[in-house]
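Give the three-dimensional model of this entry:
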Amino acid sequence: MIKEVLQRIYNGETLAEIAESLKMEVGALMGMVEHLVKMGYLEERKRTPEESIGCRTCPLYRVCSKKELRVYYLTDKGRKLIGVK
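Sure, this is the predicted structure:
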C-alpha cells in the first residue's frame, strides 16, 4: 500500500482523493503520510494560499480559513521505491 500511496502522490492526487480511492479514513492516511515523511520517502513543504495557484483561482479564496497548506513531494528515496527518476 505504501507504493500505491507514493505513486498517487507522485501523480498529483490530493490526500482526499487517495483516501477515497483506497477506502481509507483521511485521518488514517494522514498518519501514513506522516510516517512516510519520517521514513524519508516524502518531503513536506508548507505554502501559504497566496503561493498556490489553485487557491488563487478558487471562488472561496478570499474567505478561506487556511493559513498554511501542506504539499508533499517524493524524495529521491520515494521515487526510487516506485521506480521513477
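
so which strand or helix has the residue nearest the centre of the chain?
In the chain, the residue lying closest to the centroid (CA atoms, centre = their mean) is Y72, at 4.2 Å. For Y72, the element it lies in under DSSP states H and E is strand 69-74.

now swap in E44 and tell me
strand 42-47.

quick one, longest helix in this structure?
In the chain, taking DSSP state H as the definition, the longest helix is helix 26-39.

helices and strands of this structure: which one has the lowest mean pLDDT?
Here the helix or strand of the chain ranked lowest by mean pLDDT, DSSP states H and E is helix 53-56, holding a mean of 63.

on that earlier part again, report the mean per-residue pLDDT for the strand holding Y72.
Summarised as a single mean, pLDDT over strand 69-74 is 86.

quick one: that strand to strand 42-47, angle?
150 degrees (axes from the mean of the first three to the mean of the last three CA atoms, to 10 degrees).
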